[in-house]
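*Asks:* pasting the sequence and the predicted model now:
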Amino acid sequence: MKINDYILQAKFPNEEATLKQSAFLVNIRLYKSSEHYRDLINNIIKYLGWYLSSAFEGYERPRGISAAVLGIPLSIIGYKDTWQKNRFYINAKIAAHSDLKNTVRSNCECYQLNQPTQTYRYSTIDLEFYDLNGHKVIQKNIGYAEGSYVIQHELNHCYGKTIVEKDE
Ligand SMILES: [Zn+2]
């Protein structure tokens, strides 16, 4: 399987323009009240799960994904936690973060840079999101081991921020 067949690619100008747009929030009221809307969103989440469990030519197994890079402009992210279990967050945002930022080298499946680029990640974050029952959750003190850096990368995709932007 080729990753380019599934992930938006910045080398195509129209796709790069899409990558720089903010994703829409999932409407939680409708997620709770309409079984059809919920089915649609849950199918998108299944697609994210499929991606996280797949192997692509020339790539390590994915650790994180956002609906936005799959061409679905909604604020939904998924990642593998410490126990390799897939977790999904709807409308996630950073509620608080450590003062400390760490310099990291990062690459992105949309850019496929020859050399990873330098960027910054907060050491720990508190994340506010909706779970798959439409309940608001605040998860505190998520560190590197719990996937904090991956979450920050995927959240940036929801905001239309890319790794080639220097202030990420
Ligand atoms: Zn990326």
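*Replies:* Looks like it came in fine.

*Asks:* for burial, what's the neighbour tally of the closest residue to Ala67 other than its chain neighbours?
*Replies:* With sequence-adjacent residues excluded and distances taken as Cβ to Cβ, 6 or more residues apart in numbering, Ala67 is closest to Ile76, at 4.2 Å. Where C-beta positions appear, they are placed from N, C-alpha and C, glycine not excepted. Neighbours of Ile76 under the rule other Cβ atoms under 10 Å: 27.

*Asks:* quick check: the gap between Ile76 and Gln112.
*Replies:* Going from Ile76 to Gln112 by Cβ to Cβ, to the nearest Å gives 23 Å.

*Asks:* cool, and Leu40?
*Replies:* Distance of Leu40 to Gln112, computed by Cβ to Cβ: 30 Å.

*Asks:* one more: Ser148?
*Replies:* Going from Ser148 to Gln112 by Cβ to Cβ gives 23 Å.

*Asks:* more neighbours: which of these two?
*Replies:* Higher neighbour count among Ser148 and Gln112: Ser148, with 23 against 15, using other Cβ under 10 Å.
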